[in-house]
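Novice: Need coordinates for the following:
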Amino acid sequence: MTDYERIAKAIEFIHSNFKEQPNLDEVARQVYLSPFHFQRMFKEWAGVSPKKFLQFLSVEYAKRLLSNDMSLFEVSYETGLSSTSRLHDLFITIEGMSPGVYKNGGKDLQINYSCAETIFGDVIIASTDKGICHLNFSDNKQNEIESLTKQFPNASLIQRTDLMQQNALKFFSNDWSDLQKIKLHLKGTDFQIKVWQSLLKIPSGNVSTYSRIAENINNRQAVRAVGTAIGSNPVAYLIPCHRVIKSSGQIGEYHWGSTRKNAILGWEASKIAAED
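Specialist: Below you'll find the predicted structure:
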């Protein structure tokens with residue numbers, strides 16, 4: 001059996017048996033490897049550990065059940081978790097929120113949003129009383145508002161420009177010296193938050209790479225997962241994911257288009273050059 005065949009068989013086994021919550025030994029046994037060897041091989045191929053892969057499958061299944069208005073106890077049982085506390089821990093680890101908060105979809109949360117023009121295109125910016133929770137470039141405002149609604153299905157969305165949004169939008173035309181004054185209200189896993197915090201440390205006019213970000217968060221092997229976390233950045237520009245390029249020096253992809261990414265990097269570089 002080749003390494004690829006082992007990994008494919010392991011993934012199929014986990015897919016078919018995730019409700020049984022198989023442990024590492026049980027999965028490794030299916031592909032005739034020691035748990036240590038299998039763990040290392042799986043992470044090299046899949047970019048995440050077998051345990052993390054199982055957690056992703058479990059939480060996605062649990063989310064579907066919660067959307068059908070099942071109780072937390074029922075969801076725990078159907079997902080193969082021994083208690084609601086394990087369901088809680090699973091959601092905190094993967095989704096960065098409790099299953100109850102996920103289920104209520106932002107209930108009791110008021111979100112102000114507005115449309116604005118920037119030098120890099122139109123944006124939709126949204127804020128709670130805690131900070132900026134959403135900032136996306138958008139060529140289709142209606143689609144972007146619908147996306148925001150899906151993200152917070154039970155929140156009260158009000159089209160209103162507030163001071164928090166106005167201060168954040170100043171960064172498209174002014175300097176970055178007051179970035180620390182901008183409050184962000186982010187919803188993410190511990191891993192995503194670490195990646196986004198690392199992005200905030202990249203100075204304007206500079207770039208980093210996916211592998212360097214992985215090193216900065218002390219997880220050198222998680223380059224692929226770092227890329228996924230960067231692609232999930234909910235606050236464009238303020239969390240400067242555009243400053244991450246490939247190790248080869250290529251600009252790479254950008255959630256809001258590589259042309260826009262090139263334009264932002266060029267603009268930031270010109271601002272730095274003008275100061276010298």
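
Novice: For the rest of this, base every contact and every neighbour count on C-alpha atoms.
Specialist: Fine.

Novice: Please tell me how far N17 sits from L72.
Specialist: Separation of N17 from L72 (C-alpha to C-alpha, to the nearest Å) stands at 21 Å.

Novice: Looking at the two now, which is surrounded by more residues?
Specialist: L72 (20 against 14; other C-alpha atoms under 10 Å).

Novice: isn't the more buried one right next to S83, touching?
Specialist: No. At 9.1 Å, L72 does not count as touching S83 under the criterion of C-alpha atoms under 8 Å.

Novice: these two touch, right, I239 and S198?
Specialist: No. Between I239 and S198 there is no contact under C-alpha under 8 Å: 9.3 Å.

Novice: Pretty sure R224 sits against G47.
Specialist: Yes. R224 lies in contact with G47 (C-alpha under 8 Å); the separation is 6.0 Å.

Novice: Next, give phi and psi for the residue nearest the centre of the chain.
Specialist: The residue lying closest to the centre of the chain (C-alpha atoms, centre = their mean) is S232, at 3.6 Å. Dihedral angles of S232 (phi, psi; degrees, to the nearest 10) stand at phi -100, psi 10.

Novice: quick one: low-confidence ranges for the stretch 101-250 of the chain?
Specialist: 106, 174-181 (pLDDT under 70).

Novice: what residues does the host helix or strand of L57 touch?
Specialist: Taking DSSP states H and E as the criterion, L57 maps to helix 50-67. Residues from elsewhere that reach helix 50-67, judged by C-alpha atoms under 8 Å, 6 or more residues apart in numbering: 14-15, 18-19, 21, 23-24, 39, 42-43, 72, 75-76, 79, 90-91, 94, 103.

Novice: and G252, helix, strand or coil?
Specialist: coil (DSSP: H, G, I helix; E, B strand; the rest coil).

Novice: Ignore what I typed, I meant E78.
Specialist: The local conformation at E78, judged by three-state DSSP, is helix.

Novice: what comes up buried for stretch 228-245?
Specialist: Neighbour counts using 16 or more other C-alpha atoms under 10 Å place 229-230, 233-245 of stretch 228-245 among the buried residues.

Novice: Likewise for stretch 78-98?
Specialist: 78-81, 84, 87-88, 90-98.

Novice: Can you show me the strands along the stretch 101-250 of the chain?
Specialist: 110-118, 121-127, 132-137, 156-159, 208-209, 244-245 (DSSP state E, counting those that start in this stretch).

Novice: would you list the ones you listed in CSV and tack on distance to L169?
Specialist: As requested, the strands of the stretch 101-250 of the chain are arranged in CSV below (distance: least, C-alpha to C-alpha, whole Å):
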stretch, distance to L169
strand 110-118, 8
strand 121-127, 9
strand 132-137, 10
strand 156-159, 16
strand 208-209, 24
strand 244-245, 22
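
Novice: mind checking which of the ones you listed is nearest K170?
Specialist: Smallest distance to K170 across those (C-alpha to C-alpha): 9.4 Å, for strand 110-118.

Novice: now that closest one and strand 132-137, what's the angle there?
Specialist: Put simply, strand 110-118 runs at 30 degrees to strand 132-137, going by axes from the mean of the first three to the mean of the last three C-alpha atoms, to 10 degrees.
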